[in-house]
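Asks: build me a structure from this.
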Amino acid sequence: MRGTPRNIRVGLSTASVYPQNTEAAFQYAAELGYDGVEVMVWAEQISQDTGTIAELSKRYGVPILSIHAPCLLISQRVWGSDPATKLDRSAQMAADLGADTVVVHPPFRWQRKYVDGFADQVMGLEASTGVNIAVENMFPMRADRLFGKRTKSAERMRVRGGPGRAVSAFAPSYDPTDVDHPHFTLDLSHTATAGMDAIELADRMGERLVHVHLADGRGASVDEHLLPGHGTQPCAEICQRLAEQNFEGQVVLEISTKHARTTGERSMMLGEALQFARSHLGVSAGDASQP
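Replies: Have a look, this model is predicted:
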């Protein structure tokens, strides 16, 4: 995690432009001056096709920084039903596209074979591909979803000082530092929903933190992915710490713009998020070194 602040590249997750498509993310990234994109592999066919993604990267002049493996519930059938195969294909896709990182969630508890072999698979893929397999912090399913998913549940957690009753769908837990993985992704929307201290989690991740999903949350029982600075998470402080520590990884904006009424409004939101990141990282447009 050592280098200079100029090495901190700020990317855009293709998920941030939903319900627009993957190509739209490349276009926004090029127009707004992002340093690259993170490709979320999901049901859209383009997101699954290495050749098409390479062509988009070339057409728009936007590098691929990372690949997000298809491990959401809504992408359970992408690339078949075997989660280990999905991770293998994600790592190969990243290697073929020159991406540094694959973001992957901890296994679900019911994926027993995958759970048993996950840590070894992560280690093996890093050795065989040279790509960082960065396991991401997640969040539990909270009982207070029944009492209001957003503002009400956020207020309940604030009053309680924690998320209250919750069940983890992940094994061994939603905190990836419970396992000695070589690399981690820190997601600041997930820390909000989980009621975790983001600074303490970043400290536990230490020099194995190579990837950050910069977003915000208020502590609601659902994953909000607000623009940084619009919630309760220490987004600015995390960015400043990364700069002070000469972080060499990537910061990717993974925010929700699904309520934008026009493409112009979505562009403004994505531009605001980029400006927030660069301002607090101390990186100017064009400063980040290319891979």
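
Asks: show the pLDDT at the nearest residue to S57 once chain neighbours are set aside.
Replies: Among residues not flanking S57 along the chain, I64 sits closest, at 5.5 Å (CB to CB, 6 or more residues apart in numbering). (C-beta placed from N, C-alpha, C; glycine too.) With respect to pLDDT, I64 scores 98.

Asks: who touches I64 in this structure?
Replies: I64 is in contact with 36-39, 53-54, 57, 94, 97-99, counting by CB atoms under 8 Å, 6 or more residues apart in numbering.

Asks: in ChimeraX, how would I select just the buried ones from those?
Replies: Provided next is the ChimeraX selection string for whichever of those are buried by 16 or more other CB atoms under 10 Å:
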select :36,37,38,39,53,57,94,97,99
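
Asks: tell me the two of the contacts of I64 that are most distant?
Replies: Spanning the widest gap among the contacts of I64 are E38 and A54, at 15.1 Å by CB to CB.

Asks: ok, the spatially closest residue to L72 that is not a sequence neighbour - contacts?
Replies: In space, and not counting its chain neighbours, L72 is closest to W42: 6.7 Å by CB to CB, 6+ apart. By CB under 8 Å, 6+ apart, W42 lies in contact with 15, 70, 72, 74-75, 78.

Asks: pull out the buried residues from these.
Replies: Among these, the ones that count as buried (16+ other CB under 10 Å) are 15, 70, 75, 78.

Asks: lowest pLDDT pick from those?
Replies: Among the buried ones among the contacts of W42, S75 has the lowest pLDDT, at 83.

Asks: neighbouring contacts of stretch 177-188?
Replies: The contact list for stretch 177-188, computed with CB under 8 Å, 6+ apart, reads 101, 103, 106, 119, 122-123, 126, 132-138, 172, 176, 198, 201-202, 204-205, 208-217, 228, 233-235, 238, 254.

Asks: from these, which land in helices?
Replies: 119, 122-123, 126, 198, 201-202, 204-205, 235, 238 (DSSP state H).

Asks: any chance of JSON lines for those, columns neighbour count?
Replies: Formatted as JSON lines, these follow (neighbours: other CB atoms under 10 Å):
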{"residue": "A119", "neighbour count": "15"}
{"residue": "V122", "neighbour count": "22"}
{"residue": "M123", "neighbour count": "14"}
{"residue": "E126", "neighbour count": "18"}
{"residue": "A198", "neighbour count": "22"}
{"residue": "L201", "neighbour count": "22"}
{"residue": "A202", "neighbour count": "22"}
{"residue": "R204", "neighbour count": "17"}
{"residue": "M205", "neighbour count": "22"}
{"residue": "C235", "neighbour count": "26"}
{"residue": "I238", "neighbour count": "25"}
